[in-house]
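In: sequence? don't have it. structure:
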């Protein structure tokens, strides 16, 4: 990897466009930091209209009264009337005094705060999975560009090392850039249109919730995976249900040629993402898992299957298998949400289904969840 970065530096002096021909897989933080410096030079040379911006952090605003619109429906609309503790992604022009405050969802705010504060989740978060998929495909994120503000909604674009460009929400783009060491830019007209000058130093960054801190403090799980010869059973997705006892969203899977069910507790964001895909609901901008599907399409990589491979201390773990031969670890909720968008099959090892599967009579099957109900539940897989 160090040799590839040196080669990239030489190319930067000769031909910035040649960057698209280089496929990179940084091996450590030092590689990512060195790569980031080179990418900044290349991006500026390729498009002088770009203005580099930096992440100040996540802030919160407190406003009284009922919101006129829900932040889930307009996660990056600065004109909305937000309820208390609305997360704001605060960006700043690196060589200027303009700030870009972008209202974002709590899940994306958490994903950004985790990286900024050096937290380690128990399992890969959704944006960690997105990074792992790109690295497995040998494709690197060159830069994130905030390209437009239309009807008071921000739009971003991911520029990838294979020459493709993918549209994204600014919150997803920022969370991924932090994980891949890619610089952030904004077109000058975006800063001129919505940038604001904030006198003095912005308020100190808000701490993440106690639940997030507790999760982050846990060391990554060192689990034993079942070998490749383990028997797998194909599952089908019935949908998202609500557990009556505690009103918790549950992703309900069933063996395709049998009568056992596999219930997996899910967070609100993942539950909503699955419901949206199942019901073919269209959003103003691509949701996080839509973005992952679009990235796979852009780099010509196919997701072949998702397999639930381990169950440890009541927590499920999954693997995603790709046409490149690569395997990437994932939370089951992310795996299911991406599988339903790509048409990939879902499997579970026979051992796990024997251990965690339940027989559920048809008349006792829980009621389907409405997307509005999913958004009211707490976040995070169990």
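Out: Nice, thanks for sending it over. Fair warning: this is a prediction, and the values are worked out from it, not measured in the lab.

In: what about the closest residue to residue 234 other than its chain neighbours, how many residues close to it?
Out: In this structure, residue 234 finds its nearest non-sequential neighbour in residue 256, 4.5 Å apart by C-beta to C-beta, 6 or more residues apart in numbering. All C-beta spots, glycine's among them, are computed from the backbone N, C-alpha and C. When counting by other C-beta atoms under 10 Å, one arrives at 12 neighbours for residue 256.

In: list the contacts for residue 256?
Out: Residues in contact with residue 256 (C-beta atoms under 8 Å, 6 or more residues apart in numbering) are 233, 234, 235, 236.

In: mind putting those residues in JSON lines, secondary structure and pLDDT included?
Out: Compiled in JSON lines, the contacts of residue 256 are given as follows (DSSP: H, G, I helix; E, B strand; the rest coil; pLDDT from 0 to 100):
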{"residue": "233", "secondary structure": "strand", "pLDDT": "90"}
{"residue": "234", "secondary structure": "strand", "pLDDT": "92"}
{"residue": "235", "secondary structure": "strand", "pLDDT": "94"}
{"residue": "236", "secondary structure": "strand", "pLDDT": "94"}
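
In: mind checking how far the residue nearest to residue 234 is from residue 320?
Out: 19 Å (C-beta to C-beta, to the nearest Å).

In: Any idea how many residues pack against residue 280?
Out: Residue 280, neighbours per other C-beta under 10 Å, totals 6.

In: actually residue 257, sorry about that
Out: 8.

In: isn't it right next to residue 236, touching?
Out: No. If you go by C-beta atoms under 8 Å, residue 257 and residue 236 don't touch, sitting 9.5 Å apart.

In: hey, what's in contact with both of these two?
Out: Common neighbours of residue 257 and residue 236 (C-beta under 8 Å, 6+ apart) do not exist.

In: host element of residue 294?
Out: Applying DSSP states H and E as the criterion places residue 294 in helix 288-298.

In: Give me the contacts around that helix.
Out: 108, 126-127, 129-130, 133-134, 137, 158, 160, 162, 164-169, 172, 269, 273, 277, 283, 286, 302-303, 322, 334, 337-338, 341-342.

In: what do you get if the cut-off is 7 Å, keeping everything else the same?
Out: By C-beta atoms under 7 Å, 6 or more residues apart in numbering, the surrounding residues in contact with helix 288-298 are 126, 130, 133-134, 160, 164, 166, 168, 172, 273, 286, 303, 337-338, 341-342.

In: Which residues in it does the neighbour count mark as buried?
Out: 288, 289, 290, 291, 292, 293, 294, 295, 296, 298 (16 or more other C-beta atoms under 10 Å).

In: Identify, from those residues, the entry nearest to residue 181.
Out: residue 295 (16.9 Å; C-beta to C-beta).

In: what's the spacing between the closest one and residue 258?
Out: 34 Å.

In: in the stretch 1-150 of the chain, which spans are helices?
Out: 2-14, 29-46, 106-116, 126-136 (DSSP state H, counting those that start in this stretch).

In: what angle sits between the third one and helix 126-136?
Out: Angular relation of helix 106-116 and helix 126-136 on a 0 to 180 degree scale: 60 degrees, by axes from the mean of the first three to the mean of the last three C-alpha atoms, to 10 degrees.

In: What number of residues are in the vicinity of residue 249?
Out: For residue 249, using other C-beta under 10 Å, the count is 27.

In: any idea which element it lies in?
Out: strand 248-255.

In: Tell me the helices and strands packed up against the helix or strand following that strand.
Out: Per DSSP H and E, the first helix or strand lying C-terminal to strand 248-255 is strand 260-265. On a contact count with 3 or more C-beta pairs under 7 Å, 6 or more residues apart in numbering; DSSP states H and E, strand 260-265 meets strand 248-255, helix 350-356, strand 358-359.

In: Can you give me the pLDDT of the residue nearest to residue 287 when sequence neighbours are not counted?
Out: Distances taken as C-beta to C-beta, 6+ apart put residue 273 closest to residue 287, at 5.7 Å, once the chain neighbours are dropped. What the model reports as pLDDT for residue 273 is 93.
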